[in-house]
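> Following is a predicted model, sequence given first.
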Amino acid sequence: MTTRQDWTPIIGLEVHAELMTESKMFSACAVVDSVEAEPNTAVDPLSLGMPGTLPVVNLQAVEYGLMVGLALHCEIPPINQFARKSYFYPDLPKGYQISQYDRPLAVRGFIDIDLPDGSSKRIHVTRAHLEEDTGKLTHLGDGSSLVDYNRAGVPLLEIVSDPDIRSAEEAEAYARKLRAILQYLGVNHGDMSKGVLRFEANVSVMHKDDTQFRQRTEIKNLNSIRSMFRAIEYEVERQIKLYEKGDRVKSATLGWDENKGQIIIQRYKERADEYRYFPEPDLPILEISREWVEQVRAKLPELPDAKRQRFESLGLSAYDARVLTFSQPVSHYYEAVLNAGADAKLAANWITSTLFGIMNKAGLDREQIDAIKVTPNALAELIGLVSSKTINNNTAVKVLGMTFESGENPKAIVEREGLAQVSDTGAIRAAVEQVLNENAALVQRYLGGEEKLLQALFGNTMKALKGQGDPQLIREILNQAIEAKR
């Protein structure tokens with residue numbers, strides 16, 4: 001009898017990333033936010049597939065594609081060519097899509113991903129090619145559909161991985177790493193809710209006795225990493241169950257119903273030859289000189305892996321450095337805190353623990369850090385107040401929460417609320433004596449060997465000082481006072 005452990009998922013991802021250019025891939029028509037703009041307001045004759053229109057390649061889109069290819073360690077072939085991919089669907093007004101086929105922009109690259117157990121794995125990238133995006137269909141409950149061509153013709157980079165991924169967890173790590181790279185490059189803002197980044201997963205399973213891959217299926221238009229994860233998990237289990245019942249898996253295009261949490265078979269898969277690819281007759285071959293490649297390489301910003309190494313050189317742990325470079329907004333926020341004068345390790349601790357915790361309670365994703373009311377300067381100021389012993393850590397957490405809610409300056413909150421740390425030895429000694437007198441039994445038990453009770457006495461002293469006492473000074477005076485009772 002076979003078990004789940006006898007099967008290995010074989011997964012490859014196709015990622016479609018809209019490029020943040022001002023105009024479309026083959027025309028001067030402006031690119032707009034396809035979610036916020038009125039439908040069919042950012043169109044031109046070419047976007048609508050009008051007869052007699054001629055495409056012109058967007059140079060900025062090509063350079064953005066080259067940046068991505070180089071960031072993914074790809075080879076850049078000297079000869080590129082666009083092709084027509086023919087199929088008929090309402091979101092494709094021309095009846096074909098201008099894409100690339102046998103001569104793509106970039107080939108044979110890789111991404112190194114971090115796995116939950118702390119290890120890393122290299123996922124190879126087959127290719128990255130340029131194409132134009134399609135329109136957007138909205139299906140209504142009465143069976144009719146609406147189409148918006150604002151998105152039609154927007155530059156799209158399709159990034160295809162090798163089938164190196166072996167679990168939904170690895171697929172998630174790959175997707176998040178690739179998304180971060182695109183954000184760091186400034187070519188895609190990564191907001192999947194607006195459809196600027198979409199995933200498609202090619203999934204099959206392999207039995208331990210197999211010597212070659214089995215039939216795969218393709219899950220289309222996954223619009224969130226969570227959906228991608230759930231869809232892959234579902235499809236892997238579905239295929240295993242089919243095989244264990246003696247059935248077979250048919251090549252098919254699948255959809256994912258997020259509300260129902262299940263796969264939907266949309267249609268049986270087309271073969272590549274059914275798209276009738278042929279060279280685009282209206283566009284010349286695109287020659288990519290080595291000089292051009294090096295010019296683009298010189299423009300590359302610091303990418304996540306390099307930034308993580310630099311953060312580690314500041315004294316951060318590998319874990320903290322990985323968390324802080326996980327997304328561009330977080331890394332930018334952290335560096336802004338450092339530029340405001342905060343200590344590197346203290347800033348990392350406050351962001352990854354306390355600030356992330358407050359954001360999580362407020363229902364905010366970490367990538368929304370650049371929109372919170374706690375500015376980098378405010379957090380740096382708060383850290384400075386702790387370092388100078390103006391306030392203690394417990395008070396600082398309280399102040400951070402208040403700044404998060406109101407946006408008020410931490411120093412102003414401390415002054416207004418009277419939260420400054422009590423460092424006066426006389427006041428602390430008086431509080432200690434009061435606690436020891438009120439807890440004489442605990443003191444005797446401590447002196448009798450129950451050393452853990454010292455923390456309770458410390459806590460009571462801090463409470464007597466309304467949580468504002470200097471912890472180090474309290475411990476020193478508390479130890480002296482107890483020892484004097486021996």
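Good, I have the coordinates.

> From here on, just use CA atoms for contacts and neighbour counts.
Will do.

> buried residues in the helix ranked longest in the chain?
Looking across the chain with DSSP state H, the single longest helix is helix 225-244. For helix 225-244, the neighbour count (16 or more other Cα atoms under 10 Å) marks 225, 227-236, 239-240 as buried.

> Which elements pack onto the helix or strand following that helix?
Later in the chain than helix 225-244, the nearest helix or strand by DSSP states H and E is strand 252-257. On a contact count with 3 or more Cα pairs under 8 Å, 6 or more residues apart in numbering; DSSP states H and E, strand 252-257 meets strand 217-222, strand 262-268.

> need those in JSON lines with mean pLDDT, mean neighbour count and distance to Arg103, can you?
Below are those laid out as JSON lines (pLDDT from 0 to 100; neighbours: other Cα atoms under 10 Å; distance: least, Cα to Cα, whole Å):
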{"stretch": "strand 217-222", "mean pLDDT": "92", "mean neighbour count": "22", "distance to Arg103": "23"}
{"stretch": "strand 262-268", "mean pLDDT": "86", "mean neighbour count": "14", "distance to Arg103": "27"}
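
> Tell me where the stretch 301-450 of the chain has helices.
Taking DSSP state H, counting those that start in this stretch, the helices of the stretch 301-450 of the chain run over residues 304-313, 318-324, 328-339, 344-349, 356-361, 376-387, 393-406, 410-417, 425-438, 440-447.

> Any regions of the stretch 351-486 of the chain where pLDDT drops low?
Applying pLDDT under 70 to the stretch 351-486 of the chain picks out residues 420-428, 431-432, 435, 442-443, 446, 448, 450, 464-465, 483-486.

> what about 90?
367, 370, 388-395, 414-486 (pLDDT under 90).

> and if you look at the stretch 151-300 of the chain?
In the stretch 151-300 of the chain (pLDDT under 90), the answer is 189-195, 221, 223, 259, 265-276.

> Could you check how far the most centrally placed residue in the chain is from Arg226?
The centroid of the chain falls nearest to Arg176 when counting by Cα atoms, centre = their mean (4.5 Å). With distances taken as Cα to Cα, to the nearest Å, Arg176 is found 11 Å from Arg226.

> Quick check: which of the helices and strands packed on strand 252-257 is nearest to Ile391?
Comparison of these against Ile391 by Cα to Cα identifies strand 217-222 as nearest, at 47.7 Å.

> Show residues contacting that closest one.
198-204, 228, 231, 250-256, 269 (Cα atoms under 8 Å, 6 or more residues apart in numbering).

> Please indicate which of these are buried?
Buried among those by 16+ other Cα under 10 Å: 198-204, 228, 231, 251-256.

> Quick check: the two most widely separated of the residues you listed?
Arg198 and Ser251 (21.1 Å).

> Take the helices of the stretch 301-450 of the chain and write them to a markdown table, including distance to Glu476.
Compiled in a markdown table, these are given as follows (distance: least, Cα to Cα, whole Å):
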| stretch | distance to Glu476 |
| --- | --- |
| helix 304-313 | 34 |
| helix 318-324 | 32 |
| helix 328-339 | 32 |
| helix 344-349 | 24 |
| helix 356-361 | 31 |
| helix 376-387 | 19 |
| helix 393-406 | 18 |
| helix 410-417 | 25 |
| helix 425-438 | 10 |
| helix 440-447 | 16 |
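
> between the ones you listed, which one is nearest to Ile474?
Closest among the helices of the stretch 301-450 of the chain, using Cα to Cα: helix 425-438, at 6.5 Å.

> What are the buried residues along stretch 97-107?
So for stretch 97-107, counting by 16+ other Cα under 10 Å, buried means Gln97, Ile98, Ser99, Gln100, Tyr101, Arg103, Pro104, Leu105, Ala106, Val107.

> now the residue nearest to Asn202 when sequence neighbours are not counted: how far from Arg267?
Closest residue to Asn202 apart from its sequence neighbours, by Cα to Cα, 6 or more residues apart in numbering: Glu218 at 4.4 Å. According to Cα to Cα, Glu218 and Arg267 sit 10 Å apart.

> For the two, list the residues in contact with both.
Contacts common to Glu218 and Arg267, judged by Cα under 8 Å, 6+ apart, are Ala252, Thr253, Leu254.

> give me every residue that touches the first one.
Ala252 sits next to Arg216, Thr217, Glu218, Ile265, Gln266, Arg267, Tyr268, Lys269 when contact means Cα under 8 Å, 6+ apart.

> Look up the closest residue to the first one, ignoring the ones flanking it.
The reference is to Arg216. Arg216 sits nearest to Ser204 (Cα to Cα, 6+ apart), 4.4 Å away.

> can you count the residues close to Asn409?
Counted with other Cα atoms under 10 Å, residues neighbouring Asn409 total 20.

> dump the residue contacts of it.
Here Asn409 is in contact with Ala378, Thr403 (criterion: Cα under 8 Å, 6+ apart).

> From Ala371, how far off is it?
16 Å.

> for Gln472, same thing?
36 Å.

> Glu280 too?
44 Å.

> neighbour count winner among those two?
Glu280 (18 against 10).

> Grab the nearest non-local neighbour of the more buried one.
Closest residue to Glu280 in three dimensions, ignoring its sequence neighbours and counting by Cα to Cα, 6+ apart: Ala83, at 4.4 Å.

> secondary structure class for the one you found?
Per DSSP: H, G, I helix; E, B strand; the rest coil, the secondary structure class of Ala83 is strand.

> now stretch 377-387: how far from the chain's centre is it?
27 Å (Cα atoms, centre = their mean, to the nearest Å).

> Could you give me the buried positions within it?
Asn377, Ala378, Leu379, Ala380, Glu381, Leu382, Ile383, Gly384, Leu385, Val386.

> same check, this time on stretch 162-174
Asp162, Pro163, Asp164, Ile165, Arg166, Ser167, Ala168, Glu170, Ala171, Glu172, Ala173, Tyr174.

> Now do the contacts for the fourth one.
Residues in contact with Ile165, defined by Cα under 8 Å, 6+ apart, are Pro9, Ile10, Ile11, Gly12, Ile123, Ala171.

> likewise the second one?
The contact partners of Pro163, by Cα under 8 Å, 6+ apart, come to Ile10, Ile11, Gly12, Leu13.

> let's see it at 6 Å
Ile10, Ile11, Gly12 (Cα atoms under 6 Å, 6 or more residues apart in numbering).

> Assign a three-state SS to it, would you?
Classified using three-state DSSP, Pro163 is coil.

> So it versus Lys24, what's the distance?
To Lys24, Pro163 is 31 Å away according to Cα to Cα.

> what's the domain layout of this structure?
4-295, 302-417, 425-483 (automatic domain parsing).

> so Leu254 sits right up against Gln266, yeah?
Yes - under the criterion of Cα atoms under 6 Å, Leu254 makes contact with Gln266 at 5.2 Å.

> now the helices for the stretch 1-150 of the chain?
Using DSSP H, counting those that start in this stretch, the helices of the stretch 1-150 of the chain run over residues 59-71.

> Give me the number of neighbouring residues for Ile181.
25.

> ok, back up a step: quick one: which two of the contacts of Ala252 are the most distant?
Largest pairwise distance in the contacts of Ala252, by Cα to Cα, is 14.7 Å, between Arg216 and Gln266.
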